[in-house]
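>>> Turn this into a model:
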Amino acid sequence: MKKTLFEITKIDCPLEEHLIRMKLDGISSIANLDFDIPNRKLTVFHNGEIEKIEKSVIELNLGGKKISTEQTDQTEFEEQKDQKNYFGLSLS
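Numbering: from 1, shown residues only. The predicted structure is shown next:
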């Protein structure tokens with residue numbers, strides 16, 4: 001599995017997180033998305049190539065830029081519970 005770190009300069013709140021999740025939802029090689037909104041970072045855990053993921057992040061025009069990609073042995077992820085979208089509605 002690979003782990004790719006993105007900087008997303010225009011991510012300020014859960015609305016942008018939700019937009020990114022919706023955009024990446026159809027990419028089957030993604031195993032997990034880990035958002036760090038205060039630091040404007042997104043870590044994508046994925047199998048296979050990164051090009052489609054990177055293109056999708058950039059297409060959102062949120063200032064997305066790939067920082068690094070590395071191999072990782074991590075295969076288990078915390079379930080993200082009780083996420084709220086921008087309007088306070090549950091996303092899970």
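>>> What are the boundaries of the strands in this structure?
Here the chain has its strands, by DSSP state E, at 2-8, 30-36, 41-46, 64-71.
>>> Nearest to E54, out of these?
With C-beta to C-beta as the criterion, E54 lies closest to strand 64-71 of the strands of the chain, at 5.2 Å. Using the backbone N, CA and C atoms, a C-beta is placed for each residue, glycine as well.
>>> on that earlier part again, how about the strands of the chain, which one is nearest K55?
Closest approach to K55 among these is made by strand 64-71 (9.9 Å; C-beta to C-beta).
>>> Flag every buried residue along the closest one.
For strand 64-71, burial by neighbour count (16 or more other C-beta atoms under 10 Å) applies to 64, 66, 69.
>>> how far away is the first one from E78?
Taken as C-beta to C-beta, to the nearest Å, the spacing of G64 relative to E78 amounts to 23 Å.
>>> picking that back up, could you redo the strands of the chain as CSV and give each row mean pLDDT?
Below are those laid out as CSV (pLDDT from 0 to 100):
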stretch, mean pLDDT
strand 2-8, 97
strand 30-36, 95
strand 41-46, 96
strand 64-71, 96
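>>> got the ones you listed as TSV, with distance to V57 columns?
Shown next, in TSV, are the strands of the chain (distance: least, C-beta to C-beta, whole Å):
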stretch	distance to V57
strand 2-8	6
strand 30-36	10
strand 41-46	7
strand 64-71	4
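>>> Surely T75 touches M1?
Yes - with contact defined as C-beta atoms under 8 Å, T75 reaches M1; the gap is 6.2 Å.
>>> who has more neighbours, these two?
Set T75 next to M1 and count neighbours by other C-beta atoms under 10 Å: M1 wins out with 14 against 9.
>>> hang on, the earlier thing: which one of the strands of the chain lies closest to E16?
strand 2-8 (7.3 Å).
>>> Could you spell out the sheet neighbours of that closest one, each with its direction?
Strand 2-8 pairs in its sheet with strand 41-46 (antiparallel), strand 64-71 (antiparallel), by DSSP bridges.
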